[in-house]
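**Q** Generate coordinates for the sequence data below:
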Amino acid sequence: MSTSKIFSARAIRSLERIGDILCPENGDFPAYSKTGCVEHVDLMVSYAPESDLKDLNMLLTVLSFMPTFILTWLINKMSNSHNSNGALSTTFRQLDFGLKGIVLGTYYSGKVGKNYKGKKPTEVINFEINRIVE
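**A** Coordinates of the predicted model:
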């Protein structure tokens, strides 16, 4: 389990559960939690306002108490919120954008946990950045 200076241990576990729903083990792709990429979440959110981080920490902590089937339903509801105009649609779209951004950003960052030994998701898709220096 990674340590975060921003998020509680319960919030980090919740983020890993959400990550496993969005990025499950599939073929050569490792499950989100297996990569240990959540260890780099502090770097990803380092420029976010402190009040937003406190709110996100509280949200992730609340989500940690949900059974997996309810959490999965909620994530699917958020993912499909662009198809509706209900009272919660805007909130669901913002949550979808924010949570997916953090999960996919850390998953495809090329950074993994110190104990992870498998292929990185970026290696599975053969992604590399070629930098040209003049």
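
**Q** So Val112 versus Thr3, what's the distance?
**A** With the distance defined as Cβ to Cβ, to the nearest Å, Val112 ends up 16 Å from Thr3. Quick note: C-beta positions are derived from backbone N, CA and C, even for glycine.

**Q** more neighbours, those two?
**A** More neighbours sit around Val112 than around the other of Val112 and Thr3, counting by other Cβ atoms under 10 Å; the figures are 24 against 9.

**Q** So in this structure, which helix runs the longest?
**A** helix 89-107 (DSSP state H).

**Q** which residue sits closest to Phe92 in space, ignoring its chain neighbours?
**A** In space, Phe92 comes closest to Ser81 once its chain neighbours are excluded; the distance is 3.5 Å by Cβ to Cβ, 6 or more residues apart in numbering.

**Q** residues contacting that neighbour?
**A** Taking Cβ atoms under 8 Å, 6 or more residues apart in numbering as the criterion, Ser81 is in contact with 88-89, 92-93, 96.
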